[in-house]
Every structure is written in structure tokens, then in C-alpha cells.
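Enquirer: sequence first, then the predicted structure, then my questions.
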Amino acid sequence: MTLEVLVTSGGTVVPIDDVRHIGNFSGGTTGALIAEEFLRQGAIVHYVYAKGSKRPYRRDLELNPDKDIESELERVSLKAAEYKSYHAGLYEYRVDSFHEYYGRVKELLTTRQIDAAVFAAAVSDYGVQKVEGKISSENEKLTLDLEKLPKVISEVKKWKPDVYLVGFKFLPDAPIDELVETAYCHGQKNHSDLTVANTAPGLSRKIVLVTPERDLYPVSQSLFPEVLVKMVMEGILRRDPVRAEIPNE
């Protein structure tokens with residue numbers, strides 16, 4: 001079967017004026033790795049990413065001048081060949097603000113045959129009324145009146161009720177019980193089919209996949225993309241077993 005998947009990645013921003021914005025520190029690495037694994041499994045991937053975020057394969061196609069040049073050339077050559085094998089199934093969409101992100105995600109979910117949507121992006125929770133031009137830097141203080149932005153993931157099942165939805169719940173440094181419970185509630189609220197509970201990247205990072213039935217699947221950081229994609233594909237097949245008999249186009 002050939003799946004069509006939406007993956008969001010990176011961190012959205014909201015403009016304050018023509019030269020400043022409010023954003024976050026997400027670099028989009030997780031989203032890029034997930035997109036790459038879907039491509040390896042034969043899926044068509046629609047990758048919605050924020051400006052400056054990692055993109056599938058791009059980071060691996062850069063030479064590191066601090067390493068042995070021959071080894072680096074060999075590594076990049078192999079990655080380039082892999083990218084060439086899969087790039088026909090990759091569609092990328094850069095978004096420069098929260099509102100562009102919202103519009104692009106809605107468009108893809110309502111106009112494409114998306115089977116699964118993986119919301120790995122760190123989306124802005126609050127916005128501000130943008131000032132035209134540039135706010136003077138001579139002000140001693142600047143007060144911003146922030147307003148709650150729509151939760152995009154909460155709209156997904158309204159736009160496409162049958163999509164397999166994967167949400168993320170990030171708590172930088174939380175005990176495992178709190179992390180799992182928060183992720184479970186997040187999934188219930190948004191009608192997600194799977195929720196990724198995760199803490200800050202590093203040696204002590206915790207990642208647990210949480211189902212609506214409260215089944216828990218702890219996974220290591222290195223195996224996470226592979227395990228997630230496998231669970232998504234299995235979940236789609238459980239809903240529609242006939243798809244397993246359809247060969248890849």
C-alpha cells in the first residue's frame with residue numbers, strides 16, 4: 001500500500017512588528033527523522049516545516065570540515081543516493097508564521113487523501129496584534145498583550161475525521177507518571193490515535209507512546225522514528241485491512 005502522510009516540524013512564530021517575532025527553540029530534528037522513516041517505508045510525505053528548521057536528509061548532505069574528508073565524502077555520497085531514491089515522494093512546504101502554518105495544514109487535510117498526520121511541530125500557543133513598521137528600540141519597556149491562538153491539532157478531526165492522528169506532549173523535565181498522564185489527557189482532548197509523551201533531548205530523555213486505551217510503549221530516542229512509523233502503519237491497517245492487499249504504486 002502507499003500511504004500519504006502529513007508531518008509537521010519545527011517551531012512556528014508570530015510577528016510583533018515587521019522585523020521581530022515571538023518563537024521557540026524547536027529545530028525540527030524529530031520531524032525530519034520521522035519524515036525520512038516514512039519515506040523509507042514507501043509513503044508519500046507532505047512535510048510542513050518552519051523557517052530554519054531541519055529538513056529530511058538536508059542536514060546529512062553537509063560536509064563536516066573537522067572530520068576526515070574522505071570519510072565525509074563517502075558518507076554524503078551514500079546519503080545523497082538515499083535521498084535520490086526517495087525524494088520523488090517528498091513534498092515540502094515552508095511556513096513563516098503561525099497563520100501560514102494553520103492555513104497550510106488545513107489545506108492539505110481538506111484537499112489531499114492524507115492517511116496519517118503526525119504533529120511534531122512546536123506550535124505557538126499565543127499571538128499578538130502585529131504593529132506595522134518597526135517598534136522603536138528607544139522605549140525603556142515594551143508591553144505585549146498576548147492572546148490565545150487556536151489549537152490546530154484540535155481542529156484536525158473536524159477537517160478530516162478518518163485521519164490517523166499523532167500528537168506530541170512535551171514536558172521538559174517531568175516524572176514519568178506526570179508525563180504519561182498529561183499526554184493521555186492531551187490525546188483524549190484532541191481525539192488523537194496516538195500521543196508521544198517526551199521530555200527534553202539528552203541522555204535522560206524519556207519517550208513513551210500513549211494510546212487512547214492507556215497502553216504505554218516506552219522507546220529509546222534512537223529507535224523512536226522507526227517504532228512510531230511502524231505503529232502508525234499498523235494502526236491504519238487495523239482500521240482498513242483491505243489496504244494491506246493493495247501493492248505500492
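Expert: Nice, I can see it.
Enquirer: which stretch of helix or strand covers residue 85?
Expert: Taking DSSP states H and E as the criterion, residue 85 maps to helix 69-86.
Enquirer: quick check: what element follows that helix along the chain?
Expert: Following helix 69-86 in sequence order, the next helix or strand is strand 90-95 (DSSP H and E).
Enquirer: partners of that following strand in the sheet?
Expert: In the sheet, strand 90-95 lines up against strand 44-50 (parallel) (DSSP bridges).
Enquirer: so the nearest residue in space to residue 155 that is not next to it in sequence, which of the three states?
Expert: Nearest residue to residue 155, sequence neighbours excluded (C-beta to C-beta, 6 or more residues apart in numbering): residue 106, at 7.2 Å. C-beta: built from backbone N, CA, C; applies to glycine. Secondary structure for residue 106, judged by DSSP: H, G, I helix; E, B strand; the rest coil, is helix.
Enquirer: for burial, what's the neighbour tally of residue 106?
Expert: Other residues near residue 106 number 16, with proximity taken as other C-beta atoms under 10 Å.
Enquirer: that one against residue 158, yeah?
Expert: No - counting by C-beta atoms under 8 Å, residue 106 does not reach residue 158; the two are 9.8 Å apart.
Enquirer: strands of this protein, residue ranges please.
Expert: Counting by DSSP state E, the segments of the chain that form strands are 4-9, 14-15, 21-22, 44-50, 90-95, 116-119, 126-128, 146-148, 164-170, 194-198, 207-210, 216-218.
Enquirer: quick check: beta-bridge partners of residue 117?
Expert: residue 6, residue 165.
Enquirer: angle of the helix holding residue 85 against strand 90-95?
Expert: Here helix 69-86 runs at an angle of 100 degrees relative to strand 90-95 (axes from the mean of the first three to the mean of the last three C-alpha atoms, to 10 degrees).
Enquirer: for helix 69-86, C-alpha coordinates in CSV please.
Expert: C-alpha atoms of helix 69-86 as CSV (Å, rounded to 0.1, in the frame of the first residue of the first chain):
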residue,chain,number,x,y,z
ILE,A,69,37.4,14.4,4.3
GLU,A,70,37.4,11.0,2.6
SER,A,71,35.0,9.5,5.1
GLU,A,72,32.8,12.6,4.9
LEU,A,73,32.6,12.4,1.1
GLU,A,74,31.7,8.7,1.3
ARG,A,75,29.0,9.4,3.9
VAL,A,76,27.5,12.3,2.0
SER,A,77,27.6,10.2,-1.2
LEU,A,78,25.6,7.4,0.4
LYS,A,79,23.1,9.9,1.9
ALA,A,80,22.7,11.6,-1.5
ALA,A,81,21.9,8.3,-3.1
GLU,A,82,19.3,7.5,-0.5
TYR,A,83,17.7,10.9,-0.9
LYS,A,84,17.6,10.5,-4.7
SER,A,85,15.8,7.2,-4.1
TYR,A,86,13.0,8.7,-2.1
